[in-house]
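S.K.: Just need the structure, nothing else, for what follows:
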Amino acid sequence: MRIGFDAKRAFANKTGLGNYSRFVLDALIEHGPGHEYLAFTPKNNRNLFDGFPTGSIHYPQNFVDQKLSAYWRYARITRQLREENVDLYHGLSNEIPQGLEQAGIRSVVTIHDLIFERLPHLFKPIDRAIYRHKFKSACNRADSVVAVSDQTRRDLIELYRVDDSKIKVIYQDCNPVFQKLVTAEEKTRVCAKNGITGPFVLCVGTLEERKNQHRLVEAFSQLENHDFTLVLVGKLTAYAKKITETASRLKLENRVKLLHNVSTTDLPALYQSAEVFAYISIYEGFGIPIVEALHSGTPVLAAKGSCLEEAGGPGGLYADPYQTENISEQLQKLVTDVPLRNALSEAGRLHVQQFSGKQIAGQLVQLYKSLI
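M.R.: Below is the predicted model:
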């Protein structure tokens, strides 16, 4: 098979959709031999995916398409796909171009989440309208829809009336750097570099309302008989002020630490040094930070109500993200019960094996074959 991919995010985005795109392409190249994988992107100037074969990267063919790259991805790319004898095109980030069916090219689209439908107050009306049009159109026109979690599958059925038989749930794994054991010296170095001493609860994610870090701080303040620090790692936003104000109000300035600009190379050491990983985001499409924690052998506290119970499975405890007391109660168990942490760590290591690149590549190749 000759399979094309909308790979713009793989070459342009450091996190999120970029990580997913790179994971899929890497997994297929390593574990799905015998097929051609072509990455279509408007440009490649950020050095984010140096490992992908340069001969398999395809760009707009003429000056007009280079200048109007958004329209190239929306429609004009279809002619190029046909000329290059692509059998199937996989839109890795919620959209596919117009005209694929008429060109005789089969199609798959990955839908990551419908957070903008579930939490509309967090998005501008114009953005919601654009997302809704793109997502619905892609789901209607694609031959198959990949949902990154069963929660996303349920959302597609409920909100967009997508036929369940058209949807295939295929998970994803995290960056391989989180699967490698970090030395004791490296953990000591990274913790010292970031001013972390003693046991700590780690939370990684952009500091924003949906991630719910201020409620985690409130829950942390209610813990008893412990010497833990709460370490929040993420991109600083206006929401960070609410977090720091909450910590100050609760007199936790010395027990809550906010870190930003932490490098990817340092993150594995933080994950593996933490006693507990907490991620009580109100809504997610899958929850890659939880998978990173499970690979690190770190037990998880996560939120009920979206996909996080799928990601964490038996490797964690779960709480209502709107109930501070419930969050604190579950966190108290993890902070004080070492045997429980050890049991969850072992269960998490087994659970996370289903997200491996080999497993995912096999499921994707099987799906592609079924369509051609």
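S.K.: Could you pull up the contacting residues of Glu309?
M.R.: Neighbour list for Glu309: 302, 318 [criterion: C-beta atoms under 8 Å, 6 or more residues apart in numbering]. Where you see a C-beta, it was placed from the backbone N, CA and C, and this is true even at glycine.
S.K.: Local confidence estimate at it?
M.R.: Looking at Glu309, its pLDDT is 94.
S.K.: sec struct for it, please.
M.R.: Classification of Glu309 by DSSP: H, G, I helix; E, B strand; the rest coil places it in helix.
S.K.: Now do the strands in this structure.
M.R.: 2-6, 36-40, 57-58, 88-91, 106-111, 144-147, 167-169, 200-204, 229-233, 256-259, 276-279, 300-303, 316-319 (DSSP state E).
S.K.: mind putting the ones you listed in TSV, mean neighbour count included?
M.R.: Shown next, in TSV, are the strands of the chain (neighbours: other C-beta atoms under 10 Å):
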stretch	mean neighbour count
strand 2-6	22
strand 36-40	20
strand 57-58	17
strand 88-91	24
strand 106-111	24
strand 144-147	24
strand 167-169	18
strand 200-204	24
strand 229-233	23
strand 256-259	18
strand 276-279	28
strand 300-303	28
strand 316-319	23
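S.K.: As TSV, those strands with mean pLDDT and distance to Leu156 would be great.
M.R.: Supplementary listing: the strands of the chain in TSV, determined by pLDDT from 0 to 100; distance: least, C-beta to C-beta, whole Å:
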stretch	mean pLDDT	distance to Leu156
strand 2-6	97	19
strand 36-40	97	25
strand 57-58	95	29
strand 88-91	98	15
strand 106-111	98	6
strand 144-147	98	6
strand 167-169	98	6
strand 200-204	97	27
strand 229-233	97	31
strand 256-259	96	35
strand 276-279	98	23
strand 300-303	97	21
strand 316-319	97	23
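S.K.: any chance of these in CSV, plus distance to Gln366?
M.R.: Rendered in CSV, the data for the strands of the chain read as follows (distance: least, C-beta to C-beta, whole Å):
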stretch, distance to Gln366
strand 2-6, 13
strand 36-40, 15
strand 57-58, 25
strand 88-91, 13
strand 106-111, 12
strand 144-147, 11
strand 167-169, 9
strand 200-204, 33
strand 229-233, 37
strand 256-259, 41
strand 276-279, 31
strand 300-303, 30
strand 316-319, 30
